[in-house]
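Enquirer: Please work out how this folds:
(6 chains, ligands or ions: 12)
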Number of protein chains: 6
Amino acid sequence: ERNKYENNDVAGVVTGLAWTSVGGDILFIESILSKGKGTLTITGNLGKVMKESATIAMEYMKSNADELGITPEVFSKYNVHIHVPEGATPKDGPSAGITMLTSLVSLFTQKKVKKDIAMTGEITLRGKVLPVGGIKEKILAAKRAGIKEIILCAQNERDILEIKESYLKGLKFHYVTEMRDVIKHAITDAPVKNAKVLSVD
Amino acid sequence: ERNKYENNDVAGVVTGLAWTSVGGDILFIESILSKGKGTLTITGNLGKVMKESATIAMEYMKSNADELGITPEVFSKYNVHIHVPEGATPKDGPSAGITMLTSLVSLFTQKKVKKDIAMTGEITLRGKVLPVGGIKEKILAAKRAGIKEIILCAQNERDILEIKESYLKGLKFHYVTEMRDVIKHAITDAPVKNAKVLSVD
Amino acid sequence: ERNKYENNDVAGVVTGLAWTSVGGDILFIESILSKGKGTLTITGNLGKVMKESATIAMEYMKSNADELGITPEVFSKYNVHIHVPEGATPKDGPSAGITMLTSLVSLFTQKKVKKDIAMTGEITLRGKVLPVGGIKEKILAAKRAGIKEIILCAQNERDILEIKESYLKGLKFHYVTEMRDVIKHAITDAPVKNAKVLSVD
Amino acid sequence: ERNKYENNDVAGVVTGLAWTSVGGDILFIESILSKGKGTLTITGNLGKVMKESATIAMEYMKSNADELGITPEVFSKYNVHIHVPEGATPKDGPSAGITMLTSLVSLFTQKKVKKDIAMTGEITLRGKVLPVGGIKEKILAAKRAGIKEIILCAQNERDILEIKESYLKGLKFHYVTEMRDVIKHAITDAPVKNAKVLSVD
Amino acid sequence: ERNKYENNDVAGVVTGLAWTSVGGDILFIESILSKGKGTLTITGNLGKVMKESATIAMEYMKSNADELGITPEVFSKYNVHIHVPEGATPKDGPSAGITMLTSLVSLFTQKKVKKDIAMTGEITLRGKVLPVGGIKEKILAAKRAGIKEIILCAQNERDILEIKESYLKGLKFHYVTEMRDVIKHAITDAPVKNAKVLSVD
Amino acid sequence: ERNKYENNDVAGVVTGLAWTSVGGDILFIESILSKGKGTLTITGNLGKVMKESATIAMEYMKSNADELGITPEVFSKYNVHIHVPEGATPKDGPSAGITMLTSLVSLFTQKKVKKDIAMTGEITLRGKVLPVGGIKEKILAAKRAGIKEIILCAQNERDILEIKESYLKGLKFHYVTEMRDVIKHAITDAPVKNAKVLSVD
Ligand SMILES: [Ca+2]
Ligand SMILES: [Ca+2]
Ligand SMILES: [Ca+2]
Ligand SMILES: [Ca+2]
Ligand SMILES: [Ca+2]
Ligand SMILES: [Ca+2]
Ligand SMILES: [Ca+2]
Ligand SMILES: [Ca+2]
Ligand SMILES: [Ca+2]
Ligand SMILES: [Ca+2]
Ligand SMILES: [Ca+2]
Ligand SMILES: [Ca+2]
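Expert: Numbering: from 1, shown residues only, chains lettered A, B, ... in the order given. Ligands and ions are numbered 1, 2, ... in the order given. Predicted structure coming up:
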């Protein structure tokens, strides 16, 4: 499934891991820019908590623009739209938080996201990464989809240690506690194809 | 039914395929412009997910204006209204996404939509086309309505292969994965009758 | 009842036909202008679909101002209020759409609506007229109220053919498919008494 | 009750008649002005239809400012607040419409409302007065409260004719079909005490 | 309880009387100013009717600024926040109306509220005071809290007359019908400690 | 848990105490600034009363800027976002009020919050601290998390006196009635690491 509609040539597309009533799944966070006045639009049949994650990611990025290498003036010159595909499926919960921030940072830096990486974790406003549930199911789904590296909260390491080793073969884990480590692992230095130059005029 | 109130002389009118509790049906997406400040109005007794599809289509078009041949400055000079007729019927789901984008691109380029073409598929923010359900019922409805070409997500090809061949006679299918292919198949180079000149003053 | 509070001396008052739980009825669409900034207010204890009809009528008129003989600049200089009297009765459905557009066109052109005419039909954004239900009950109510001409969607002709001929005596029907034909049949060339001059300053 | 907190020295205070689950009652419509930008605030634990009546009254007054002797420019310089006392009682329905318009016209002309007059009737956007229910109960309540003149829709005359004559003793009725007749009967030529001068600067 | 967190050194703090499911209670209305554009914020877990009381009090004060000794220009230069403490308790009803107005007038005049006074009564838009319920329970609660003077609507005097005299010992009652009398009894001529000077620049 | 994602190097992060259906817990209030126009965003799956606490804290700070050592002009130059982590858990009630104000004051003064301190208490608009429930459970949770000092409302002292002494070992209590005492106990004079300079240009 994954190969069918994703690659890392586009800024703002990041693979997350979801835990649904029928097991684990991968999901994509997409975000795009258009010239505007700084509005944030969120779609994808999301519940209140997942929408809040998008808001937190946006505000965290604005508040830490310098460290992330983004000129703060661009925020008021572009509208941002964050979407989570497969509109027929209602989605909620905080676990896409770090995926959303990674998407936004890729979008505003126009840097490529690393290939074959996925992630799951709650974001806090000061950039901490919190643990989330459903780790086993999410890992299995990631493997089925060909994911090779996974970013998790350090507190979720205990969940990985309970999974049969053979299931984990071919997967590399990054355990993090800070958003800056997520960014470091997930976003490359290479610009995306046809990278946009964000202007502040 | 279709012949009674549709032709392709008008910009922004595109035929979609719907799957209702009483079987498949065709539906129309209509969109119009009026001088304004860039607001988007959505009507037609639509649920939340279908309204989100309209927002995604609008934002995708704005973010890819150059590639679509649209001057981005017009977006803030015109209000857009997207309507799905037959207000007595509640409608929801993501499957009208590509139909809505086609409608908007026809509207802003003032190009004719191809005659006797219909489509169904979810749109994503970066222009991927996702598969949708109810394909068999939708195809039968399209045929009853005199449709000759149908655009579907490549992943829906498997659903077509399960339909008895005789039902498919006279129908040509275009399987796509990218919105740009939908546009290529659905929108002609010919301007609509009395094409408007969109001004940015 | 009708004679008691209606005449055609005032712009923006048009007779529609409604189908309620207790049978057919006539209803009135009223609209007025006041100097303002282009807002649209809708009252009359209306449901979501009927409010959408008012929005569609307004946007259709704006988008087709030239053809309708209206200077587009006036839209941003006046507020419009559409009301459907008898606030104690909840009202919904798309069937007042063409009545609402007729009301708005009369209002903005300050032309008289034809006497003793009523109508029912759904409006679409590109000006098609769609069929509606409850035709028999609506026709009987129209006759009781002294209506002499009725505008219907061409697809509703079949409903008329099923009504006993004696019930139709004294009624003249106009079957239409396009809003421009509704306007042609319903609005006269005569200005209303004390016609307002709409200014764009 | 009435004498305890009402007199006609203040602009914008008008007596209406209500029909509640425990019988008829009088109610008061109060309205006040403050310097502002033309907003309308409505309070009094009112339901949707009663709030719509206030909007209709306001828009009718704006659209007919000249005939009512009001300089239209004042509408954008003052905020209006309409209140119906006794917040503990939920109130709804269209029957306070003509009372609300009378209140607003008194407020904007700073003219006294006639003493000991009450009214009940639905207002329409073009100034028609429509009949309302509960007439017998309302009349009895008006009499208990010392009301001497009552304004009703002409179509409610039939309800009065069914009331025992002795109950009507001491009451004078004005049957009207147009809002302008309500205003004529209800508002005097005398300015209120300490009449405000509405300025357009 | 009362002495623990209230005194009259601060502008905008006034003691009201509430009637809850577990008997009478005192409550406090607090209001504060901050430089701004005239917005009104209302908190305290309040229901719709109690929020309306705050709006009515605010609008009454604006409309009667001159009589109350307030320069009207300040209203658009400051934001007002009205709060009713003890957020865990839902509160509703119109009986805090006169307490809210007293709070606002104290706030905008920066005058001390009289010590050991409490009040309960509905406010109307033109400054009448209406009777409220639960008088006996409220009086007992006031006495327990050390209140010495109580302001009530004149129509509530009958409720006081039904209370055993011994319960009323040490309480002085002010029966009023007009808001101006509430202000006269409740607000002193002394400025609060560290009175703010409200500026209109 | 606490050590895993909290330290006091960052402005705006304060430890509160919560009382949930499964016992006491610690929670964090986070707040951040970004250049903007003074909007307040609140996230964390909060109920109405807890959101009101954030509003009260914000308005209290604005109204008492001078005493708190904050230049009032900065409020309209920065947007504030308050978040309570662990989005999967719904949270409500007034008891985080003083924690929220402490967070905001630390944020706007860029001063360090004292290490190993936690607090719980309702805030009122004029800066009083009100007692809250669940004290025993909250204290146990604080101890488990390594908290050493706790700020409580003076009226909650009685709840502490009912707790077995051995449970309280190693905990120091500050009983307060005024917000200014909370600030005094909780916020140090030391600037946070990399303290921002808030500009008013
Ligand atoms: Ca999936
Ligand atoms: Ca995720
Ligand atoms: Ca159909
Ligand atoms: Ca479709
Ligand atoms: Ca009727
Ligand atoms: Ca109709
Ligand atoms: Ca009453
Ligand atoms: Ca009335
Ligand atoms: Ca209490
Ligand atoms: Ca009270
Ligand atoms: Ca926890
Ligand atoms: Ca707390």
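Enquirer: Could you report the neighbour count for the residue of chain A found nearest chain D?
Expert: For chain A and chain D, the shortest gap (CB to the nearest CB) falls at A:Lys37, measuring 22.8 Å. (C-beta placed from N, C-alpha, C; glycine too.) When neighbours are counted by other CB atoms under 10 Å in any protein chain shown, A:Lys37 registers 10.
Enquirer: got the contact list for the residue in chain A that ligand 8 sits nearest to?
Expert: In chain A, the residue found nearest to ligand 8 is A:Lys48; the distance is 41.9 Å by CB to the ion. Residues near A:Lys48 by CB atoms under 8 Å, 6 or more residues apart in numbering or on different chains: A:92, F:45.
Enquirer: Give me the distance between it and F:Asn45.
Expert: Counting by CB to CB, to the nearest Å, the gap from A:Lys48 to F:Asn45 is 7 Å.
Enquirer: for A:Val113, same thing?
Expert: According to CB to CB, A:Val113 stands 28 Å off from F:Asn45.
Enquirer: Just confirm yes or no for stretch A:101-121 near chain B.
Expert: No. Using CB under 8 Å from any CB of the partner chain, stretch A:101-121 stays clear of chain B, with a minimum separation of 10.3 Å.
Enquirer: Mind listing what's buried along stretch A:81-99?
Expert: Buried residues in stretch A:81-99, counting neighbours by 16 or more other CB atoms under 10 Å in any protein chain shown, are found at A:81-87, A:91-99.
Enquirer: Which residue comes closest to A:Glu38 once chain neighbours are left out?
Expert: One thing to correct before we go on: residue A:38 is Gly, not Glu. If the residues on either side of it in the chain are set aside, A:Gly38 comes closest to A:Ser76, at 4.3 Å by CB to CB, 6 or more residues apart in numbering or on different chains.
Enquirer: looking at it, the one you found is touching A:Lys37, isn't it?
Expert: Yes. Contact criterion CB atoms under 8 Å: A:Ser76 and A:Lys37 qualify, at 6.5 Å.
Enquirer: and A:Val182, what does it touch?
Expert: Counting by CB under 8 Å, 6+ apart, A:Val182 makes contact with A:98, A:101-102, A:119, A:121, A:129, A:151, A:176.
Enquirer: Model confidence at it, what's the number?
Expert: The model reports A:Val182 with a pLDDT of 98.
Enquirer: how about it, secondary structure?
Expert: Under DSSP: H, G, I helix; E, B strand; the rest coil, the three-state class of A:Val182 is helix.
Enquirer: ok, now the one 3 residues further on?
Expert: For A:His185, the secondary-structure state derived from three-state DSSP is helix.
Enquirer: Can you tell me who the residue lying closest to it once chain neighbours are set aside pairs with across the strands?
Expert: In space, A:His185 comes closest to A:His174 once its chain neighbours are excluded; the distance is 4.7 Å by CB to CB, 6+ apart. With beta bridges defined as DSSP bridges, A:His174 has these partners: A:Ile151.
Enquirer: Go through the buried residues of stretch A:81-99 and flag which are in helices.
Expert: Of the positions in the buried residues of stretch A:81-99, A:97-99 sit in helices, assigned by DSSP state H.
Enquirer: closest to F:Leu107 among those?
Expert: A:Gly97 (21.0 Å; CB to CB).
Enquirer: just to revisit the earlier point, can I get the ones in helices among the buried residues of stretch A:81-99 in a markdown table including distance to chain D?
Expert: Written out in a markdown table, the entries for these read as follows (distance: CB to the nearest CB, whole Å):
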| residue | distance to chain D |
| --- | --- |
| A:Gly97 | 39 |
| A:Ile98 | 44 |
| A:Thr99 | 42 |
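Enquirer: Show me which of those residues is closest to C:Leu33.
Expert: Ranking those by separation from C:Leu33, with CB to CB as the measure, puts A:Gly97 on top at 49.9 Å.
Enquirer: OK, contacts around the closest one?
Expert: If you count contacts by CB under 8 Å, 6+ apart, A:Gly97 has them with A:53, A:56-57, A:121-123, F:87.
Enquirer: Look at the residue of chain A closest to chain D and tell me its secondary structure.
Expert: coil.
Enquirer: my guess is it contacts A:Phe75, does it?
Expert: No. With the criterion set as CB under 8 Å, A:Lys37 and A:Phe75 do not qualify as a contacting pair; they are 10.0 Å apart.
Enquirer: how about the strands in chain A?
Expert: Ranges of strands within chain A are A:13-20, A:23-35, A:40-43, A:78-83, A:111-113, A:117-119, A:122-123, A:129-130, A:149-153, A:172-176, A:187-191, based on DSSP state E.
Enquirer: packing partners for the fifth one?
Expert: The one in question is strand A:111-113. When contacts are defined as 3 or more CB pairs under 8 Å, 6 or more residues apart in numbering or on different chains; DSSP states H and E, strand A:111-113 sits against helix A:97-109, strand A:187-191.
Enquirer: need the contact list for whichever residue of chain A sits closest to chain B.
Expert: Closest approach between chain A and chain B, counting by CB to the nearest CB: A:Gly87, at 3.4 Å. Shown here is A:Gly87, whose contacts under the criterion CB under 8 Å, 6+ apart are A:43-45, B:49, B:52-53, B:93-94, B:97, B:122.
Enquirer: For A:Tyr175, see how far away the closest residue to A:Ile123 other than its chain neighbours is.
Expert: What sits nearest to A:Ile123 in space, not counting adjacent residues and going by CB to CB, 6+ apart, is A:Gly97, at 3.2 Å. Using CB to CB, one gets 16 Å for the distance from A:Gly97 to A:Tyr175.
Enquirer: In contact with the residue of chain A closest to chain D, which residues?
Expert: With contacts taken as CB under 8 Å, 6+ apart, A:Lys37 has the following neighbours: A:76-77, A:79.
Enquirer: now those residues: which count as buried?
Expert: Taking 16+ other CB under 10 Å as the criterion, what is buried in the contacts of A:Lys37 is A:77, A:79.
Enquirer: ok, so of the contacts of A:Lys37, who is nearest E:Phe108?
Expert: Distances from E:Phe108 to the contacts of A:Lys37, taken by CB to CB, are shortest for A:Ser76, at 35.6 Å.
Enquirer: who's A:Val129 bridged to?
Expert: For A:Val129, the beta-bridge partners under DSSP bridges are A:Ile123.
Enquirer: Confirm for me that it is in contact with A:Ile183.
Expert: No. At 11.0 Å, A:Val129 does not count as touching A:Ile183 under the criterion of CB under 8 Å.
Enquirer: How much space separates A:Leu168 from A:Leu152?
Expert: Applying CB to CB, one obtains 12 Å for the distance of A:Leu168 from A:Leu152.
Enquirer: what number of residues lie near A:Ala190?
Expert: 12.
Enquirer: what's the nearest residue to it once chain neighbours are set aside in contact with, if anything?
Expert: The shortest distance from A:Ala190 to any residue that is not its chain neighbour, by CB to CB, 6+ apart, is 4.7 Å, and that residue is A:Lys112. By CB under 8 Å, 6+ apart, the contact list for A:Lys112 reads A:8-9, A:11, A:106, A:187-188, A:190-192.
Enquirer: again, only using 10 Å
Expert: For A:Lys112, the residues meeting the contact criterion (CB atoms under 10 Å, 6 or more residues apart in numbering or on different chains) are A:7-11, A:13, A:106, A:187-193, A:195.
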